[in-house]
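Student: quick one, structure for this:
(2 chains)
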Number of protein chains: 2
Amino acid sequence: MDIKKGVEEGLEFTPRFDANGLIPVIAQDCQTGEVLMIAYMNREALDQTIRTGHAVYYSRSRRQLWRKGQESGHIQKVEQILVDCDQDALLLKVRVSAGQCHTGHYSCFYRAVDQGDRAKLTVVSQKVFDPGKAYNRPGS
Amino acid sequence: MDIKKGVEEGLEFTPRFDANGLIPVIAQDCQTGEVLMIAYMNREALDQTIRTGHAVYYSRSRRQLWRKGQESGHIQKVEQILVDCDQDALLLKVRVSAGQCHTGHYSCFYRAVDQGDRAKLTVVSQKVFDPGKAYNRPGS
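Tutor: Okay, the predicted model is just below:
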């Protein structure tokens, strides 16, 4: 089996981190199927996720590990970790009990490109929590 | 409204491409909710996707536009384009009539990290088409 075939057909988990040491991760609600967010993990975040059973990401803006829900309490319990064909992306099936976006929406994908005016967005879901309270940041 | 608030709360579609001019894109089956794949678009791929209504990606390995299904015929009809809170990722709700992974699987996420041995993968879905025939590449 050549290397490409091994990565695609094999049963060894060999996630491929990019030049920055990161891999993109999709979080999907295991109950509703809704795509909640996309974030990134480094090796340490992935190891902690596997060890603890709760999603831990790497914040590119803050340049540090980010235990999802560490501030808001809106954690993600990981039910399953899937890897794609070339092992350079992960899909987490997660169990959640609160909105997952820091804006107060259930999913980060709360706006759709408008069918009429492609430069505009339409809000397709309402907020499910008050981010000002969840993060204790007035006006956030 | 500050810039961050504008990006998150505003209704202007201002997708943020990375240093390589790319934005990650999740394709989700609009009928089953299954996450099919993650790929990347540059500005031209996004424009063509919006204009044609069929997913066009940018292949990082081939360094060229990639009209999904151009070889296999396994196209993605785009029903909705969603953008995330900070507008640096897209979610495409797509209608498909065939498996979407070049390996023959319906989704690229056909293997899960094994619950017992975290270094191993378990195949969680079977192939739905013969890639050798779809791509006319013996043994591919």
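Student: for the residue of chain A found nearest chain B, which non-adjacent residue is closest in space?
Tutor: With Cβ to the nearest Cβ as the measure, the residue in chain A that lies nearest chain B is residue A:33; the distance is 3.1 Å. C-beta here means a position set from N, CA and C on the backbone, and glycine is covered the same way. In space, residue A:33 comes closest to residue B:33 once its chain neighbours are excluded; the distance is 3.1 Å by Cβ to Cβ, 6 or more residues apart in numbering or on different chains.
Student: what's the longest helix seen in chain A packed up against?
Tutor: Longest among the helix segments of chain A by residue count, using DSSP state H, is helix A:43-52. Contact partners of helix A:43-52 among helices and strands, from 3 or more Cβ pairs under 8 Å, 6 or more residues apart in numbering or on different chains; DSSP states H and E: strand A:56-59, strand A:64-67, strand A:77-83.
Student: tell me the contacts of the residue of chain A closest to chain B?
Tutor: Residues counted as contacts of residue A:33 (Cβ atoms under 8 Å, 6 or more residues apart in numbering or on different chains) are B:32-34.
Student: now do residue A:21
Tutor: In this structure, residue A:21 makes contact with A:42-43, judged by Cβ under 8 Å, 6+ apart.
Student: ok so it is a strand residue?
Tutor: No - secondary structure assignment places residue A:21 outside any strand; it is coil (DSSP: H, G, I helix; E, B strand; the rest coil).
Student: could you check how far it is from residue B:28?
Tutor: Distance check for residue A:21 against residue B:28: by Cβ to Cβ, to the nearest Å, it reads 27 Å.
Student: equivalent analysis for residue A:92, please.
Tutor: Distance, residue A:92 to residue B:28, by Cβ to Cβ: 14 Å.
Student: what of residue A:62?
Tutor: Relative to residue B:28, residue A:62 is positioned 28 Å away (Cβ to Cβ).
Student: who's more crowded, those two?
Tutor: The residue with more neighbours, out of residue A:62 and residue B:28, is residue B:28; 25 against 8, by other Cβ atoms under 10 Å in any protein chain shown.
Student: residue A:22 against residue A:39, yeah?
Tutor: No - assessed by Cβ atoms under 8 Å, residue A:22 is found out of contact with residue A:39, at 9.6 Å.
Student: show me the contacts for the spatially closest residue to residue A:114 that is not a sequence neighbour.
Tutor: Residue nearest to residue A:114 in three dimensions, not counting chain neighbours: residue A:120, with 4.1 Å by Cβ to Cβ, 6+ apart. In this structure, residue A:120 makes contact with A:113-114, B:11-13, judged by Cβ under 8 Å, 6+ apart.
Student: about what we covered before: so which strand or helix has the residue of chain A closest to chain B?
Tutor: Per DSSP states H and E: residue A:33 is located in neither a helix nor a strand.
Student: quick check: the gap between it and residue B:35.
Tutor: Applying Cβ to Cβ to residue A:33 and residue B:35 gives a distance of 9 Å.
Student: cool, residue A:81 as well?
Tutor: The span separating residue A:81 from residue B:35 equals 13 Å under the rule Cβ to Cβ.
Student: and for these two, which residues touch both?
Tutor: When contacts are counted by Cβ under 8 Å, 6+ apart, the set common to residue A:81 and residue B:35 consists of residue A:91.
Student: how about the strands in chain A?
Tutor: Secondary structure of chain A, counting by DSSP state E: strands at A:23-29, A:35-41, A:56-59, A:64-67, A:77-83, A:90-95, A:111-113, A:121-123.
Student: need the ones you listed in TSV with distance to residue B:132, can you?
Tutor: As requested, these are arranged in TSV below (distance: least, Cβ to Cβ, whole Å):
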stretch	distance to residue B:132
strand A:23-29	29
strand A:35-41	32
strand A:56-59	38
strand A:64-67	43
strand A:77-83	23
strand A:90-95	26
strand A:111-113	37
strand A:121-123	42
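Student: does chain B sit close to the helix or strand of chain A with the lowest mean pLDDT?
Tutor: Taking mean pLDDT, DSSP states H and E as the measure, chain A has helix A:3-9 as its least confident helix or strand, at a mean of 85. Yes - using Cβ under 8 Å from any Cβ of the partner chain, helix A:3-9 reaches chain B at A:8-9.
Student: reformat the contacts of residue A:33 as TSV; add pLDDT.
Tutor: Supplementary listing: these in TSV, determined by pLDDT from 0 to 100:
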residue	pLDDT
B:32	97
B:33	98
B:34	98
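Student: about what we covered before: quick one: the residue nearest to residue A:33 from residue B:63, how far?
Tutor: For residue B:33, the distance to residue B:63 under the criterion Cβ to Cβ works out to 32 Å.
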